[in-house]
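1. Need the 3D shape of this:
(chains A and B, ligands or ions: 4)
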Amino acid sequence: MTQNLIIIGAGMATGRALEHLLDNNADVNVTLFNAEPRGNYNRIMLSPVLAGEKTYDDIETHTAQWYSDNNVTCRFGEKVTSINRAERSITAENGEVLFYDKLLLGTGSNPFMIPLPGHELEGVIAYRDLEDTERMMGLGPDNKCVVIGGGLLGLEAAAGMAARGVDVTVVHIMGHLMERQLDEAAGYLLRKALVDKGITVKCSANSSEILGEDGHVKALRLDDGTELPCDLLVMAVGIRPNVALAADSDLAVGRGIHVDDHMVTSDADILAVGECVEHNGAIFGLVAPLYDQAKVAASTLMGQEAQFVQKELSTKLKVTGCDLFSAGDFAEGEGREDIVFRDPARGVYRRLVIANNQVIGVVMYGDTADSNWFFGLIRDKVDITDMRDTLIFGPAFQGGTPSDPLLAVAALPRDAEICGCNGICKGQIEDAIAAGASDLNAIKSTTKASASCGTCTGLVEQVLAVTLGDDFVVPAAASICGCTDMTHEDVRRMIKSQSLKSMPAVWQECGWKTSCGCHICRPALNYYLLSDWPLDYLDDPQSRFVNERKHANIQKDGTFSVVPRMWGGITTPDELRAIADAADKFEVPTVKVTGGQRIDLLGVKGEDLPEIWSDLNKAGMVSGHAYSKGLRTVKTCVGTDHCRFGTQDSTGLGIKLEKILWGSWTPHKLKLAVSGCPRNCAEATCKDIGIVCVDSGFQISIGGAAGMDVRETQPLCQVPTEEDVIEVVKAVTQSYRENAKYLDRIYKWMAKVGLEWIQEQINDRDTRAALAARFDLSQTVYRKDPWAQHVAKDDAYHPLTDLALEAAE
Amino acid sequence: MSQWIEISALDAIPQRGARLVKTPLGCVAVFRTATDEVYALDNACPHKGGPLADGIVHGTQVTCPLHNWVISLETGMAQGADEGQVATYRAKVTDGRIYLDTEFLQHRAVA
Ligand code: SRM
Ligand SMILES: Cc1cc2nc3c(=O)[nH]c(=O)nc-3n(C[C@H](O)[C@H](O)[C@H](O)COP(=O)(O)OP(=O)(O)OC[C@H]3O[C@@H](n4cnc5c(N)ncnc54)[C@H](O)[C@@H]3O)c2cc1C
Ligand code: SF4
Ligand code: FES
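-> Ligands and ions are numbered 1, 2, ... in the order given. The predicted structure is shown next:
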């Protein structure tokens, strides 16, 4: 019988429970309420969002699509206001009553707001959800912010805002920062690091009143009378389990909602997970135990036996740029001894607290590489008598072996926890490696290790290194994919030095482990071969991503988009008419002007492609390669033709360049622009190659980008004539084609070889001419319109046969 | 009893490629591997319905063009950490021609 399951709160704990239920095909009909107007996201990553390193989209755990795919009824932005246990129903904010068979509470915590005078003023916020984060992100360099609370949350808020240039002051009531996780010495080092970031830190400071003006916060007054002006005041002083709903319905509640080992509350039909629960007297504020609870709750709901067991917790902190670790009990006390190590030059501090010959607490600052080993000593209650003298130096120094950071990881037992967020142990990672995972991404996708907060990434890599031994290539030089141990660079060298001119030759000589590569290596090899042997190697469409195989961009519904070239952004009434006619004839649902100065016909059926191309060809238009790792567009401005400031014919030069470069394949896409003067209306300085016209000639710069990374170009050279521009552009493009790794844009390639190296190549007239000549040679093969070629052999675009028709006949 | 229906010449599909067969109930993708085996699968990725026939074929697997799920041509199962399966149908090559078991039309009618 399908059970009606209502979940109150779409947080990190219930989200995980839901995943377990769906993974096991539980027979439940789920309705999910959330007071926040969105579903489950990775709350711990709000700090990177605040610091501008990630966006909300990056941290959304479940998308609207996911919920609908899994038939979860979402009631986001709706609070549940009461529970009627007798009739097993809940009432939503809008008064609607819904009945449940089982109810799962995951209401999380409420941030605690100190009831100082003025705490209700506008501009006094907590740090808990996306709204709070966005408020902080709204501040700029002219703004001031005061953060009350020098714990983990407060410091992350402060560091994030400081990274945005906000003037931040942290007010902390205790003598040192993070007193619950750090001892005084480590707290001091942390404070120093924050002060270096420009944050003002006031410890032993007691707030007395929040001052306002027109209902908005204006300053914080301390009890010594100091006033700290601010535009926003963030209180991050702790959380309280959110138990109101449970308490109102007379469930057993202490500090949190009481649950047993199966996560069942005092009502057998109601379960609870997350920060809102109390289990054996403990409440929880980190995700690791919540994920364990989620698993147990899901099992209980499915009628399976499972028990929640509390584990020893460690804190690895991720306050931007500070390496901290603490675990266990590190208060001083009778019968306890300390072992301390300091290296002021490196800003390193370590302290072990020993009782009865066991490590019971550890605090580390500055170098936390050995933290897991120490944590293991605490958890396993290891007798340290024999290693006491060298203990503080870490695992590398035990047993007289020389210092090697990997030894620490090698020494960890299989059950040592590597990823705290997801509870993944070393053994699980080793098993994933044995099953074929050979790099970080593979580990992430098979085990989830390092897929949440990411602080354990380094450790996961070390486990990879230890387990794979010589097979593990450090990430900077990772192998192309699982089919080979060789890097892109090695393979390219082999192709050139051994004259390998076909894919099977590469697979053989480079020892490919699979029969015919995969979707990652084949496109790369195809590119390398055609770039190095343009006359010998025949392009392999089956090794190309569909867009380059079908010369159109695939859309999410399987249709395609068609973008004809408009040289330099110039078009004519005839071309526009032909485009309009094609749009009508093929019932194109969307016609859009692109960011690349041309027109996109979106939503064309795969079968219609050859025909629409044929029509466009007839009007004189060719493929715009909007899909290719090759020349995309050459943007231009109006230049001397019309503009009163134009110094050269930027439009004309752009068209010439596009006509020379089109059809060429490059490691990644290649975008150019030509601006007629330094006002730069064609945005030339954020393109892969940008040309800015000046009175005395042309400034050529390279390595710009405006996609996932935004980069300004770096000046390459200045030349007097259009002919010089053309030769330089060909030469740079050819050097990029011959040397860059597949899928590196010019800026990434430039970061590897250095601008100076490229300049040397270009400034040497012989090298430049030779590069340009090789470019021209390759273009004799590739400067052809693929659309026209495919119109001639359009079979591939049609079905083999249509059994629907045959059946009808 | 299998009833084989002739679809086309083997060479109509490139090695490591696929072509579609339209049926009253949607498209079936017919794949040809590098070693000339053929496989027939629903042309809809178990993830979000991506057109598998447009993917890159390697070994006896295809990578979906939309989000790179890797699907086994033999079983229709998603590989690695991804979970899902697409329906597979019996296919064979005889004398250079591709045949599908007509049973698949009935199966699809039920599904
Ligand atoms: C159509 C267009 C958006 C628009 O409507 O304006 C577009 C659409 C796509 N862009 Fe873009 N980009 C378009 C201009 C841009 C621009 C602006 C520009 O070129 O001036 C940028 C930033 C500039 C840059 O590249 O540095 C841009 C940065 C990206 C990126 C990020 C690249 C990067 O290196 O960070 C991707 C992803 C990638 O290439 O891997 C991308 C990828 C895509 C893809 C191909 C995504 C995909 O794989 O399906 C989109 C295809 C949609 C489709 O089916 O047609 N698009 N894309 C623009 C086509 C221009 C054209 O005429 O060819
Ligand atoms: C900025 C920040 C950084 C953090 N960093 C870390 C970290 O590095 N490591 C770590 O382990 N933990 C970290 N945490 C803590 C971690 O995010 C929490 O422990 C975790 O999110 C709690 O999960 P939960 O499911 O119990 O509650 P939540 O994720 O808070 O979800 C509860 C949800 O229930 C909703 N709700 C409440 N009442 C109702 C109602 N009556 N009706 C409907 N919906 C309701 C709320 O709107 C909320 O969306 C951090 C927290 C924050 C805020
Ligand atoms: S920004 Fe580009 S890639 Fe992203 S959705 Fe828009 S068109 Fe697609
Ligand atoms: S639809 Fe196939 S991978 Fe997403």
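
2. Enumerate every residue touching residue A:715.
-> For residue A:715, the contacting residues are A:699-701, by C-beta atoms under 8 Å, 6 or more residues apart in numbering or on different chains. Quick note: C-beta positions are derived from backbone N, CA and C, even for glycine.

3. Wasn't it part of a helix?
-> No: secondary structure of residue A:715 (DSSP: H, G, I helix; E, B strand; the rest coil): strand, not part of a helix.

4. so which strand or helix has the residue nearest to residue A:799 when sequence neighbours are not counted?
-> Nearest non-adjacent residue to residue A:799, counting by C-beta to C-beta, 6 or more residues apart in numbering or on different chains: residue B:20, 4.2 Å away. Element membership for residue B:20, per DSSP states H and E: strand B:17-23.

5. Which neighbours in the sheet does that strand have, and how are they oriented?
-> strand A:801-802 (parallel), strand B:26-32 (antiparallel) (DSSP bridges).

6. Burial check on residue 9, number of neighbours?
-> I'll assume chain A. The number of residues packed around residue A:9, counting by other C-beta atoms under 10 Å in any protein chain shown, is 28.

7. Switch to chain B, please.
-> So residue B:9, with other C-beta under 10 Å, has 13 neighbours.

8. Next, it: phi, psi?
-> With angles defined as degrees, to the nearest 10, residue B:9 sits at phi -70, psi 150.

9. and it, how far is that from residue A:625?
-> Distance, residue B:9 to residue A:625, using C-beta to C-beta, to the nearest Å: 32 Å.

10. what residues does the helix or strand hosting residue A:83 touch?
-> Residue A:83 is part of strand A:80-84 when elements are defined by DSSP H and E. If you take C-beta under 8 Å, 6+ apart as the criterion, strand A:80-84 is touched by A:8, A:33, A:89-93, A:97, A:103, A:245-246, A:248-249, A:270.

11. what do you get if the cut-off is 6 Å, keeping everything else the same?
-> Under the contact criterion C-beta atoms under 6 Å, 6 or more residues apart in numbering or on different chains, strand A:80-84 has outside partners A:8, A:33, A:90-93, A:249.

12. which of the residues you listed count as buried?
-> A:8, A:33, A:90, A:92, A:249 (16 or more other C-beta atoms under 10 Å in any protein chain shown).

13. Name the spans of the stretch 301-450 of chain A whose pLDDT lies under the cut-off.
-> A:312-321, A:331-333, A:344-345, A:396-405, A:408, A:421 (pLDDT under 70).

14. all strands of it, in order?
-> Using DSSP state E, counting those that start in this stretch, the strands of the stretch 301-450 of chain A run over A:314-317, A:324-328, A:337-343, A:348-355, A:358-365, A:417-419, A:424-425.

15. and the last one, anywhere near chain B?
-> By that I understand strand A:424-425. No: using C-beta under 6 Å from any C-beta of the partner chain, we find that strand A:424-425 stays clear of chain B, coming within 12.9 Å at best.

16. Figure out how far the helix or strand harbouring residue A:299 is from the centre of its chain.
-> Using DSSP H and E, residue A:299 falls within helix A:287-301. Put simply, helix A:287-301 sits 26 Å off its chain's centre (C-alpha atoms, centre = their mean, to the nearest Å).
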